[in-house]
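A.B. asks: Starting from these lines, generate the structure:
(4 chains)
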2 protein chains.
Amino acid sequence: MKKKVSLKDIASKVGVSTALVSYVLNNQKSGRIRKEVALKIKETAKELNYRTNQIARSLKLQKTFTIGLIVGDISNPFFSSLARIIEDEADKKNYTVIFGSADENAEKSFKLMNTLLDRQVDGFIIAPAENGESNINYLKEHDIPFVLIDRCFPEIETNWVTLDNYKAAYSATQHLLDGSNNKIGLITYKTSLLNLQDRKKGYENALKDNKIAYDIAWCKEVLFADNMKLLVEQAVDELLLLPEPVDAILFTSNTLALFGLKHIHSKGIKIPGNLSIITFDQMDASDLFYAPLTYLKQPIEEMGQLATKILLETIDDKKEITQVSLEATLVIRESTRAAPSS
Amino acid sequence: MKKKVSLKDIASKVGVSTALVSYVLNNQKSGRIRKEVALKIKETAKELNYRTNQIARSLKLQKTFTIGLIVGDISNPFFSSLARIIEDEADKKNYTVIFGSADENAEKSFKLMNTLLDRQVDGFIIAPAENGESNINYLKEHDIPFVLIDRCFPEIETNWVTLDNYKAAYSATQHLLDGSNNKIGLITYKTSLLNLQDRKKGYENALKDNKIAYDIAWCKEVLFADNMKLLVEQAVDELLLLPEPVDAILFTSNTLALFGLKHIHSKGIKIPGNLSIITFDQMDASDLFYAPLTYLKQPIEEMGQLATKILLETIDDKKEITQVSLEATLVIRESTRAAPSS
DNA sequence: TAATTTAGTTTAATCGTTTAAACAGATGTA
DNA sequence: TACATCTGTTTAAACGATTAAACTAAATTA
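C.D. replies: Residues are numbered from 1 along each chain as shown, chains lettered A, B, ... in the order given. The predicted model follows:
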């Protein structure tokens, strides 16, 4: 790689000190610098195509204008959409984003955190993994600015931006009950993560409030693992092979829904005729499904923008903690059209 | 943010110079350093939870172990999948990835390039935008390591990893012709980008080789713009309102296909009965479509891994240029099942 | 005229590493 | 005894920026 132009190069070409060059290019002390000199410096900088070395600048300023984004998997549309929003929002304030995928693994998440800390990121936006409390406490103890997104740990006092997951799941379940469904299955992850626990609770409480005798066999919890596809398929099969099979399924994530729906589709089960479906998260796939899916739309844009805003404020020394829980929108479409009365 | 532990802190605690600490922690001069001292230093480093400041290290070494990834849009599944592969591959060699979305805009791409160069990235993986030749030449002139991905400029001698787009489109078209289709529409972008030109050429030449009288009205080129959805819908409508409507459509990108298929679906057109469909790129949506889509599967994993490998070799001073064109796989499914003879 | 202020610029330290070169003391060699 | 070699460590410069403080010369004030 070609040697880059430094302040020194400009300084020696113009015949001044690097200090003066720095002052001019940063528009400091502008009152005291001779106009001709300032002009000459600016011209020379342009001529030599000078660009400031942010690494050197970062070292001196103890600030990198970089934020670390840690998600489960950047290739998951939910996270990549979030990444795009965060990128744009950060860019407006001249920050760049370094990202890492932690695969829902707290240990990997910690490794990633440290890698990014070594690179002196100014702060983090993190979708924490299950059992990631110690990671988060580590950040707190070291006074490192961060915002949790999508999930949070209620026992830890931190910034976070999440969905009102309880309410979202409750309203989805209620919607199913308002239709002709009353045996409603849930397919979710086996995890202690609050966002998914809340989704489960919302579902359960909606059933309870509607005086539906809740069958524990309706709730299928799938391990986040490599063979997840298989596990989801089993879960679907079990729900449909119950003595009284479920007449609706609520999926608590896009990935679960994708695996589940493929399987349901391949078995020739008709939606919404045989089975109603609601999913969390917007998916391209659900638009193209023959029965466009009713889904819980997350306000991803607001989420990403808010998280970035809170993080940057915290970096700029805001002390108050901000916790935001956003509303999902239930987008009602074909997959929950009340079945012809039967 | 809490003050971080530096070499100096370790040095003064142990009572040695920072040089010695650096040597020990980097396992250098190990033959000459007293074992007890080395041990003490290592222990103290661990005790103080020392982590090396990569910004300082980068400044000294003139190397950041960071690669810049510039794509059209990180939220496009094609690019986010690529990003994930690149992330994993880079991580194996202790590199991290900074990304930026250029929105298929050469100017924005250049701005992004400079932002990342200011941060002293060691090299780039770039999906260049239309008219991005000057950006690429800039990198060449400055001897900055980079690899183009997905697209390339044939007149510029550079590293690149792309698809054999011509062959892919040719084989898709041939497949349609081998079925009962012979009036085949193409929906593609209006762009000079070679990858898309090649897709068009492959399509055209397959028609020519099969002695199909090519109707210029079959080829719809849509501007990459905000109202793209509308433009695609118009294109679809026009193809279907021709005096002799097309009986198949080949979409040259996932986004085009998504817009097009939604529209086709909403018009109640039956696939493959009324219309056969082939798309470029794997989409979740195509699995869930009632007629799972025949598509051209790109070897994204190989692409990302290869691009990263080539980039890192170039960074490590490899001089030879590597150009790889990978084969797509035509995954044949329902959307091109030969219509019942009629 | 002497003292003070102002304008314009430079000096030099600093951020946290790395590393060539210097150094001091012990040991070996002629 | 004098010199060379080896061992273990330190010194100090460098990377490229920022910035408080110092400095000089000219202008202003008393």
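A.B. asks: Name the residue of the stretch 201-342 of chain A that lies nearest to DNA strand D.
C.D. replies: DNA strand D sits closest to A:D316 of the stretch 201-342 of chain A, with a gap of 15.0 Å, by Cβ to the nearest atom of the strand. No exception for glycine: its C-beta is placed from N, CA and C like everyone else's.
A.B. asks: Distance check, that residue against chain B.
C.D. replies: 12 Å (Cβ to the nearest Cβ, to the nearest Å).
A.B. asks: Quick check on A:T162: phi, psi?
C.D. replies: Dihedral angles of A:T162 (phi, psi; degrees, to the nearest 10) stand at phi -130, psi -180.
A.B. asks: gap between it and A:L306?
C.D. replies: Look at A:T162 and A:L306: by Cβ to Cβ, to the nearest Å, they are 10 Å apart.
A.B. asks: shared neighbours, those two?
C.D. replies: Common contact partners of A:T162 and A:L306 (Cβ atoms under 8 Å, 6 or more residues apart in numbering or on different chains): A:V324, A:L326.
A.B. asks: for the lowest-mean-pLDDT helix or strand in chain A, packing partners?
C.D. replies: The helix or strand of chain A with the poorest confidence is helix A:284-288; it has a mean of 90 (mean pLDDT, DSSP states H and E). In this structure, helix A:284-288 makes packing contacts with helix A:254-266, helix B:254-266, helix B:284-288, judged by 3 or more Cβ pairs under 8 Å, 6 or more residues apart in numbering or on different chains; DSSP states H and E.
A.B. asks: what's downstream of whatever helix or strand A:I10 lives in, the next helix or strand?
C.D. replies: Here A:I10 sits within helix A:7-14, counting by DSSP states H and E. Next along the chain after helix A:7-14, taking DSSP H and E as the criterion, comes helix A:18-25.
A.B. asks: and that following helix, does that touch chain B?
C.D. replies: No: using Cβ under 8 Å from any Cβ of the partner chain, we find that helix A:18-25 stays clear of chain B, coming within 13.0 Å at best.
A.B. asks: buried stuff in that helix?
C.D. replies: Going by neighbour count (16 or more other Cβ atoms under 10 Å in any protein chain shown), the buried part of helix A:18-25 is A:L20, A:V21, A:S22, A:Y23, A:V24, A:L25.
A.B. asks: try stretch A:32-46
C.D. replies: For stretch A:32-46, a neighbour-count test (16+ other Cβ under 10 Å) marks A:I33, A:A38, A:K40, A:I41, A:K42, A:T44, A:A45 as buried.
A.B. asks: okay but the second one is in contact with A:S30, surely?
C.D. replies: I take that to be A:A38. Yes: applying Cβ atoms under 8 Å as the test, A:A38 and A:S30 come out as touching, 7.4 Å apart.
A.B. asks: So for those two, which residues contact both of them?
C.D. replies: By Cβ under 8 Å, 6+ apart, the residues touching both A:A38 and A:S30 are A:V24.
A.B. asks: need the helices for the stretch 101-250 of chain A, in chain order.
C.D. replies: Here the stretch 101-250 of chain A has its helices, by DSSP state H, counting those that start in this stretch, at A:106-118, A:133-141, A:165-178, A:194-209, A:228-240.
A.B. asks: so which of those helices gets nearest chain B?
C.D. replies: helix A:106-118 (4.6 Å; Cβ to the nearest Cβ).
A.B. asks: which other residues reach that closest one?
C.D. replies: With Cβ under 8 Å, 6+ apart as the criterion, helix A:106-118 contacts A:68, A:70, A:98, A:100, A:102, A:124, A:126, A:128-132, A:134-135, A:138-139, A:144, B:51-54, B:96.
A.B. asks: Repeat that for stretch A:78-95.
C.D. replies: So stretch A:78-95 is in contact with A:65-67, A:69, A:71-74, A:96-97, A:99, A:122, A:125, A:127, A:149-150, A:254, A:281, A:298, A:300-301, A:303-305, A:307-309, A:312, B:73-77, B:80, B:83, B:99-101, going by Cβ under 8 Å, 6+ apart.
A.B. asks: now it, how far from the chain's geometric center?
C.D. replies: When distances are taken as Cα atoms, centre = their mean, to the nearest Å, stretch A:78-95 is centred 11 Å away from the chain's centroid.
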